[in-house]
Structures are given as C-alpha cells and as structure tokens.
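> Everything below, folded, please.
(3 chains, ligands or ions: 3)
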Amino acid sequence: MSVTRSGWQIYISSLVGKAGLILLIFMVVASIYVLATYPLDYGIRVWSNPKSWADNPITVPPTWVDFFTGRDLVTHHITITTTSKGTETIAGLKFKVYELDYDLEEDGFPTYLMIKIYNVSMYSERGVYFVINFTRPDGDEIRLITFAEVPPPNSDLPYIAFSKNEKIIFLSKERSVGFSLLTYINTKYNLNYTIDKLNEINYNKVLFGVPTEEGGDVIWKPLKGVYKINVYMLGEDKDKIAMLKAVFGGESYGFLGTDDNGRDLAQGLLFGFPVALAIGFFTSIVTTAIGASLGIISGYKGGRVDEIIQRISDVVYNFPFLPIIILIVFIISRMPGFPRLLAIFGAIVALGWPGLTILIRSMVLSLKQSQFIEAAKAIGASDRRIMFKHIFPNLAPFIFAQMIFFTPGAILAEAALSFLGLGDPNIPTWGQIIEESFRAGAALNGWWWWVLPPGLLIMLAAITFVFIALGLEPIVNPKLQER
Amino acid sequence: MGVPRYLGVKAFNLMLVLLGVLLLTAILFGATGLSDKILRAIISEEVRGYRAQLSQQKGLTPEEINHLVEEYKKNLEIEYGLDKPWYVRLPDMIRRIVILDLGTSKHMTSFTGSNQIRDIIVERVPYTVMLMTTAVLIVFAIGLGFGTWLSTKVGSLWDRGLSFFASISYATPTWWLALLLILIFSYYLDILPYGGLLSPNPPKEFLPRLLDMMYHAILPIMTLVLALSGSAIYIYRSILVSTATEDFVTVARAKGLPENLVLRRYIIRPSLHPILTNLVLGLAGSLTGAILTETVFNWPGMGRLYYEAILNIDEPLILALTYVFTLIYVAARFILEILYIVVDPRVTVE
Amino acid sequence: MVKNILEVKDLYLYYKTYKGIVQAVDGISFNIPEGQTLGIVGESGCGKSSTANTIIRLLPKNTYKYEGSIKLDGEEITTIPMDEFRRTIRWRKVAMVFQGAMNSLNPVLKVGFQVAEPLIVHLGMDKNEALDRAKQVFEKIGLTPAFLDRYPHELSGGMRQRIVIAMAMIMNPQLLILDEPTSALDVSIQAQIMNLLKSLKKEYNLSMIFITHDIALASDISDLLAVMYAGEIVEYGPIEEVLLNPQHPYAQKLIASIPRLREDKEPEFLPGNPPGLINPPKGCRFASRCPYRFEKCSEAPGLVWINGNHYVKCHLYSEGK
Ligand SMILES: Nc1ncnc2c1ncn2[C@@H]1O[C@H](COP(=O)(O)OP(=O)(O)OP(=O)(O)O)[C@@H](O)[C@H]1O
Ligand code: SF4
Ligand SMILES: [Mg+2]
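Ligands and ions are numbered 1, 2, ... in the order given. I've put the predicted structure just below:
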C-alpha cells in the first residue's frame, strides 16, 4: 500500500486526478501572487477601510458585461490635476483656473459626478472663493456652484484647508447645482421644469445629456464628447490647491464589479485564495494528525486507553455538526480580541477528528495481528517505535488520502460559518463576502456579480480537493485498481 | 442479544451523546463567564418585577423598597448559585438546559408575544420539520429512484456522469445555491417569492393560507432537493450496486425470478439497512442544516431563529437551540435503531 | 441405452475485459446420460463455473461471445428467448447450487420462504401450500421443519448448505448443477453433504453436474469425468476409464497427484502455471508444462475418441503421429 512511482502514474492517468492537480496549481499560483503583492494586513488596512474605496462606484457590474448588454456601459473615470492652467480675469478679479477634462465616449450617462478638493493653502485671512463651471461638448458653459472657504481657526500661515478631510462636492446631487441646471435647461431648451420635476430625473442626465421630444414626453439622451470642469479660485497669488479630483461615476467597474461600499470585488476575492487554502490545509492537517494519532494509539495500546478514546470519539462523532460548531465558534468569538478565523479553525478540528480515529483504529487492530508487527515485538521494539516505524508507514497513504478528503469539508464549513456572520469582517474570505452580499440583499437586487463569483470560487476550491481525492482513491484502495 | 437489551444499549450510547453535548456547552459557557452573564440577566429581570410589585404597594418609602430589593437580589444570587464558582453550578446548569428553563430571550419574542425561550422555540419546531421533511422525502424518492436506475447501468456514460455530478453537488454550498435560485426565480423570472412564510397580506381561510405557505416553500425545497440529490443518488446507487454483486442475487436470477422481483426482494430489501441509515441521518442532518437554508429564505423555523439569535448575541437562546437540535438528532438516531430491527433481522445479533 | 439428459456441443463463453478477451470456455463438448453425474475437475480459474453458468445462462454483462449448442432432454435451449428461458428452464428443469453457498441465501428473508419461493413464482402456488412443500423437502434432507422460520444468520454453514440443496430440489429439476458444494465446509460436514447428495441421486434418479477441484471427491459421486484445463475439456469419459487409465498428460498428472492411503508413492507435483485465458497459446494449451510436448503440439489438437464415450484432446493420440 505504499505510494510508489506507479502510484503516481495511476494518479496522473485519471482524468479527475489531472483536473484536481491543475486546479490546485492554479489556486497555489493565485495565492502566491496575493502573498507577494498584497500587504499582510490587507483586510484592515485596505478592505475594511472606506477611504480605499471612496472613489469607486457602488454596486456596479464588471466592465465586460458590455459584451452581453449590447451597449457600451460608461466606464468609471477619474481626472486629477495638481497644477493650475493659469489665471483668468473676470470682472476685474484675478482667478486661478484649474481644469479637469472628461471624454464621454459611451452611449450613456455617468452615474454621478463628484469633485474633491485637497489641501488648499491660503495666505490671507479672507480665505478663498471658488467658482465651479461646467463646459459641455456643445460649448455651453454652466456655472454649477460657488462657495467660499475661510482659514481654519488657530492656524498659522499658510492656512491649510481640507487637509484632514478633503472637500467633497457631490455635483450631481447638490441642491444649488439643481437650480443652476434648472435655469440652464429652461432657457436653452424652452422647457418649463420645476425644481421638483428636475429632482425626479437625476442631475447627471441633465449634466451629460440633451432633451429630445418623443411622443410629447421629454427624453434625455446622452451627449458624447469632451466635458470640462473649470474650478476658479479667487485669493492671493500664492494661494493654491494641492490636488483636484473629479470622479465620473461609471456604470461598470473592474473585472468583477463592486459591492455597496464601492469595494473592488476582484481584489477581495483574489485575497480569498490564500485564506481558503490556508484554512483547508491547516484544519485538515491538524484534524488528520489528531484523528490518526488517537486511532493508532487506541488500536495499538488497547485496554483502558482504547476504551476511553473509543467512547469519546464515538460521542463526539455523533454530535450534530452544524449547531455544535456554531455554538463553539460563537462562544469563543465572544471573547474579545480572539481571532475569529482561529476560532473557526479550532471548532472544525474539535469536531472533525473522531471519524478518522474510528477508521484508523479498526485498521490498526487488523495490522496488529500481522507478522511483521509480531516480529518487531519479538525483537523488543518499543511501543512508540512500533507505532511510528511500523504501523504509521503502512497507513500513511490512506491517512494522506483522508486528509485530502477532509479538506473540502473544512473549506465549506468555514464558508458556512462566515456566511452566518461568525467570520472575521476584516478578512475577506469568500464566505464573508457572500455574507455581506446577503445582508445587503444582493440577490434581491439582481447584483449577481456580488453573489455568483464568491460561491463559484468556494465550489472551485472544494472541487479541487474532491477531484484529487477521487484521483487518489484507486491508489489507496487496491480493490479498485483491478477494474 | 434480545431486542430490549439491544435498544437499551443503543439508548444508553445516545444518552451519552446528549450528555456530551450538554457537558460541552455547560463547560464552554461556564468557563467563558457567559453563564454568569445569563444568570445575572435572569436575576435582574426578576428583581425588576419585584421592584414593580413593591412600588404598587402603598406605604413603603423608597429606602425601604431599595432595601427589600437588595435583600431579594442577594437571596436570588444564592439561589442561583452565583456566589459559587461556575463548575459547582454545572449540574444545575445542565438541569436548566434539559428542561429549557433558561429564562427569557433578550430580544426575541414568540409569534404570540411571549419572550419565554421555551415558547419561542416550541412554536418554531413545526415549520422546520415541515420544510425539511418534505425536502428530504423528495430527495429520498429521487435518490432511490435514480439510484436504482443507475445501479442497473454500472459503467455506462450516465453512471460516470453521476460521479461527476455528485462531486459538483457535494462542493456546492446549499446556502449559496439558495441565493442563486433567488436571483434566478425571484429576481430575473419573478415567479417565486424570495422568502418568508406567507405573503404580506395572507389569506385568512385555511386552504388558501396553506397554499400560500406551500408557494413560499417551493424555493427552499427546490434548493434542498437540488443540493442534496446528487450525493443521494450516488449513495443509493453505490449501496444497491454493492448488494447487486452478492451471490444471493445471482441465485435469485438462477431461480428464474422475474427481474423486477429480483430488484425488489433481493437487491432493495437487503439494502434497506444502509438506505434507512442514509434517509434518517439525512433527515436529522437536514434539520440541523436548516440553520443555513432557513436563514437565506427567512423561513421562520428553528434554523432562522438560530441565525437571529447569533445576530442578536442572545446566549440563552443559542444554548437552548443547540440542545433542541441535539435532542432531535439523538431522537432520529434512536428511531433509526428501531427501524433497523424491523428491516434487518441481523442487527440484534452482535 | 439411456437417453442423454444433456448434450453440449462446441460451447464457447468469452468475457471482455479492459485487458483483453478472456476465453473462459473454449469450444467444449460433453454428454450426460439420464440419472448420471458428470464430475468436472480442474485447477482454479480453468472455466468450471463459467461452464455451469453457461448452461443456466447466467451470463455477466461483459459477455463477449456465447455460442454453441446445449440440448436439454433433446431440446435446444440456447435459442430460447430470455424471458421464456427464465420461466421454463431455470429452476424448473435446471437448478444449481452455487460456489460459495454461504452467501447464496438472502439475509433478510426466512429460509423457508426462500426455498418455497420458486413454487410461488413458477407454479403460482399460494404461500402456505408452498411452505408445506418446503417442509416436506426439509424433512427429506434432514432438517427440522422449525428451520423454515429461521434467518440464514441463525444457521450453521452445514445447515445452510442443506437448505441451499433443498432450495435446488424444490422443483424436482431434471438437472442439478453443483458448483463446489462442499469446498467451504469442514471435512465431517462435507461427508454428510456428499452422502445426502448420493442418496438424492439414487432416490430421484437425478442427473447432476458436480464441479470440484478435488478429484477424489468427484470420483465419489460421478459416473463420468471431464478434466478441464485453461478453458477446454482435455479429457472426458466414464469415471473408471479416466481414473484408471488417464490418457491426457495433464489428466495423468492430476490423477497421480491424488494422495492415496495405501501407497507410499509421493503425490506428483505439476510445475508451472496454466496459461492466462487472455490470448492463450495457439497450439496445445498444456504445451508449456507437458513432458511429452513435440512439434505438432504448436497446432491446436482436436478431439480423439478413445472409444465410445471417452475422448482426449492431445496430439499423442491423433492419426499420423
Ligand atoms: N465476468 C467475468 N469477466 C471477466 N473474466 C471473468 C469473469 N468471470 C470469470 N472470469 C475469468 O474467467 C476464468 C474462468 O473463471 P471461472 O470462474 O469459470 O473459473 P473456475 O474454474 O470456476 O475457478 P474456481 O475454481 O476458482 O471457481 C477465470 O480466469 C476468471 O478470472
Ligand atoms: S498436445 Fe502435445 S503438449 Fe498438448 S498435451 Fe498432448 S502431447 Fe502434451
Ligand atoms: Mg468456480
């Protein structure tokens, strides 16, 4: 029953064996990539940190859905500038001008428009005055909003505003923008919209579109071309804006879309690879080690030790798995500061070992009768030596296969527990991501990209080990070799 | 070994399982200080009641009331054993779990408004049992039907396809499949409700109400059936295939028995022992597995209750539910032992 | 002359495996006169059970070739459609006691019912009547009727074997095939079963095929003997002739290997192994182990009739040697 070269040949000649191995290699490569490129505290530093995702569109599908929708979805776009274009004098006042460009190429509206202003340095107590203008491809320039900013109290020259928190202006939501737009469309297109009517349609349609008549109704159509946002700043000559950012909300994002925090799901799901592999490997290794050792000891030693191990394993084996494991994880994770994933790991191990112990014990009982064990005993080998050097090597291939076979169970258990909200919200495991999607009602809202991929990945991980186990079976189970 | 003795031994072993679970939970709760918290909550509830009762009575000054309440509280603490360390209280703790005397739930009430844990759980049991039994019986019918059919086609393309299908089905998390089906049938096709027991304004009469409930049960049942059928077919097929290679099946054919009789009397009948094992353990397993399915579909059974208890960090409720789940599991195991005696004359001989 | 109850001619049974075609029964022929017993002997794996299965047409799924003629009481039975064969031949005319009879009984049915079942299925008898008949057979066979209500696991190996024989006798078959009926039993029980079979043979004028690898046991009950080697019958004839005057080199070795009480001659040992049944050698299959092998042996030998009912398959006896 030893794994020999021919064992390897048998394994690799089976289709499932090959498939399992290829999938495993894929998973390992993905994990190595993550470990090499992600920070170790990725969960806390990036994933759970809203700042990392502030510029992303919320719950949008992947960009490649273009292939299926038959229409180019508007891609997410961010324009940044750190330098002023120059100055301009309006009504005798000298403004510094910053320009942000955007080219709308797709046949759709950006979902929102947002502008962010970072670190404005001022050299006068009077502060600065901003005017934000919006130029459309049809040449029309609309004054969207104006506002003043005075230096923060108790600070020295130069006064810095928006240093801790950048100034965020949601142009496609801002009320004063609404009034500007109202005047613009009512005069230009002879509409008689009220502000309420305008609020009903989103500002972004007005910002990036033109009205057309269709059967008496006004329909807004997107207007392609280059848009410009001009930020005029009135202040001292030395006053300047460190950085300006305009976010044109996309209808799609990245390879796997975003969740309701704007998080890039592809990034989070990729991080799930090493986590899933680690959970699968460690729980199955530890569980198998405990289960097999107890089985060998129980079967070999016999007597009281055997009796006790047998009783306990029998009792634990008959525990209802899910409720007990939930209970254990729940209680352990009530202890503040205890890592949740460790609790899950511990609970799976605590409930997982008896199956193997029972199996191994019966195998050891029959091995014990065999001649070579008798011989080893006769020449006076110690119990420990017999167990390690004689019994274990005989069972090793079987134990190995059992370990592989246990792995998908561990992966699925972790996912289920995370799904029930017992996981660590700071570590994006696949189960955790589905849990969040469930709580956000993703399935009810049709946000399939937030539901399907994590589940498929869980399946992929589980099936990898199922396939490997199936491939190993004819090697470990010689009866099947005949067929 | 006679039948009573056999059942006695089995019952004893199952009692050990139950005791094991109780010990485990009691120790976990005691050692982590959770049991103290639970008892304190119970006491403060009673104290509040006492205080309210006192303030109804005339002629007591606030000081007197405070004094009496303090006294009352002290007595309660002694009565509940809060003055002693947790391991001394262990037996009492177990006794309380056994009779579900765990006080009140912190956040949840039963449909009738009671916040007694026992009331909350008891009214949920039928919904879980209804849903899961239906699903498991359908899975059983499908599993045994297709399993039997495939067992006569060993090595065929269908047969090989099955082991692949079974692997996929094993690797599919049921709760995720549930979300998938909601996405398809509730969101895209919009033909089935995504959850709950009844429509928002449910009909009052019995029959339409029942139909409404069944309509809501379609998706959960479909999920369970899809998720469990693959392995069920595979297992039943394997059981039957291994019986079909027994010598007595060849003998039955040699005796000139018609093929369907051979299948029934010589293949399925002798396989009933492992088949029942699968059916009953599947049932017991799915009752506990209800935690996931009911959660997704917001089906108001014990499983969903468990999930809500976790969300609300309601320790006594979780403790009680774990116990009830174990009880159901152990009861199912015992029923199984009785069924063995009926279908297999060999079991009582060890 | 008595009529032949069974005439087998050029019978083939090949199996298909992923390693190749197994030529388990390769063109065998023999006759059994009514009331007589044919012993079939040979090493393990030579095709004895396959021969028996072919007669009762229990062909495994991987059967590759099934050809030849089997006449039962003068009627060709290989061409009978399967369903008719099941209803009219199996157990009504040909019954069988299988190798490894320990597992021949369904563990969850009472043995009485299992014995009586063919009566119910084939004759439409009602259950009680059938059980009554089973009771009679039980008594014949030396089993107390109380056993009717027992389950197989409650009975010893010897009793189970008797029940299997009772089950085979229940329809009064014309031919009873016994495939190593005693190999799993200890010697004293073996003797009891042999005596039972002999008395049944006499009482019912039963025709039997008795398969064994123990030639001494075969000689105890048989009237004719067929020696099989690698899928072929290499010698067939009346038992005395074959035992006292074996012709085929393999039969000679086999018979010489029977330990005899009165002689101090060492039993002969046959070196080597029989050829595999997948792609067996073109010529004589025994050639690799035969001390008399000569050039002609690279061609397949034909049947050589020694006299009336005795043939051998060996070039030593063919014309123009
Ligand atoms: N269904 C089958 N498929 C392939 N090969 C088979 C099958 N049944 C039997 N064989 C092979 O055919 C050959 C003859 O088998 P058979 O059982 O007839 O031998 P036997 O003489 O009865 O042996 P034994 O004394 O061991 O019972 C053996 O080599 C066996 O391995
Ligand atoms: S044919 Fe040749 S090899 Fe075969 S048995 Fe006869 S003499 Fe020997
Ligand atoms: Mg045989």
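> got the residues of the stretch 151-300 of chain B near chain A?
Residues of the stretch 151-300 of chain B lying close to chain A by Cβ under 8 Å from any Cβ of the partner chain are B:163-164, B:167-168, B:170-173, B:175-177, B:179-180, B:182-183, B:186-188, B:194, B:284-285, B:288-289, B:291-292, B:295-296. Using the backbone N, CA and C atoms, a C-beta is placed for each residue, glycine as well.
> So which of those belong to helices?
B:163-164, B:167-168, B:170-171, B:175-177, B:179-180, B:284-285, B:288-289, B:291-292, B:295-296 (DSSP state H).
> Spell out which helix or strand contains the closest residue to ligand 2 within the stretch 151-300 of chain A, please.
Distance from ligand 2 to each residue of the stretch 151-300 of chain A (Cβ to the nearest ligand atom) is smallest for residue A:299, at 52.7 Å. Using DSSP states H and E, residue A:299 falls within helix A:265-301.
> list the buried ones in stretch B:86-102?
By neighbour count with 16 or more other Cβ atoms under 10 Å in any protein chain shown, stretch B:86-102 contains the buried residues B:86, B:89, B:90, B:93, B:96, B:97, B:100, B:102.
> Looking at these, which one is closest to ligand 2?
Ligand 2 lies nearest to residue B:97 out of the buried residues of stretch B:86-102, by Cβ to the nearest ligand atom, at 82.1 Å.
> Look up the closest residue to the closest one, ignoring the ones flanking it.
In space, and not counting its chain neighbours, residue B:97 is closest to residue B:323: 5.1 Å by Cβ to Cβ, 6 or more residues apart in numbering or on different chains.
> quick revisit: so what's the gap between the helix holding residue A:299 and the chain middle?
Averaging C-alpha positions (Cα atoms, centre = their mean, to the nearest Å) puts helix A:265-301 23 Å from its chain's average.
> for that helix, packing partners?
Identification of packing neighbours for helix A:265-301 by 3 or more Cβ pairs under 8 Å, 6 or more residues apart in numbering or on different chains; DSSP states H and E yields helix A:15-37, helix A:303-317, helix A:340-352, helix A:354-368, helix A:392-417, helix A:430-439, helix A:452-476.
> What's the separation between residue B:222 and chain A?
15 Å (Cβ to the nearest Cβ, to the nearest Å).
> wait, that residue sits on residue B:181?
Yes - with contact defined as Cβ atoms under 8 Å, residue B:222 counts as touching residue B:181 (6.2 Å).
> Neighbour count for those two, which is higher?
For the pair residue B:222 and residue B:181, the greater number of neighbours falls to residue B:181 (22 against 17), based on other Cβ atoms under 10 Å in any protein chain shown.
> Can you tell me which of the buried residues of stretch B:86-102 is nearest ligand 3?
residue B:97 (60.9 Å; Cβ to the ion).
> What residues does the residue nearest to residue B:97 make contact with?
B:21, B:22, B:25, B:97, B:98, B:100 (Cβ atoms under 8 Å, 6 or more residues apart in numbering or on different chains).
> who's in contact with the last one?
It stands for residue B:100. With Cβ under 8 Å, 6+ apart, residue B:100 has these contacts: B:117, B:118, B:121, B:320, B:323, B:324.
> For the closest residue to residue A:440 other than its chain neighbours, pull up the helix or strand it's in.
Spatial nearest neighbour of residue A:440, chain neighbours left out: residue A:260 (4.9 Å); criterion: Cβ to Cβ, 6+ apart. Using DSSP H and E, residue A:260 is not contained in any helix or strand.
> Check the contact between residue A:260 and residue A:57; I expect there is one.
No - with contact defined as Cβ under 8 Å, residue A:260 does not count as touching residue A:57 (10.8 Å).
> The two: which is more packed in?
Using other Cβ under 10 Å, the more surrounded residue of residue A:260 and residue A:57 is residue A:57, with 23 against 16.
> thinking again about what came up before, can you check which of the helices and strands packed on helix A:265-301 gets nearest to chain C?
When the helices and strands packed on helix A:265-301 are compared by Cβ to the nearest Cβ, helix A:452-476 sits nearest chain C, at 13.3 Å.
> So is the closest one next to chain C?
No - contact of helix A:452-476 with chain C (Cβ under 8 Å from any Cβ) is absent, the minimum separation being 13.3 Å.
> Walking through the stretch 51-200 of chain C, point out its helices one by one.
With DSSP state H, counting those that start in this stretch, the ranges of helices along the stretch 51-200 of chain C come out as C:82-88, C:111-123, C:127-141, C:157-169, C:187-204.
> List the buried residues of the first one.
Neighbour-count burial for helix C:82-88, counted by 16+ other Cβ under 10 Å, picks out C:85, C:86, C:87.
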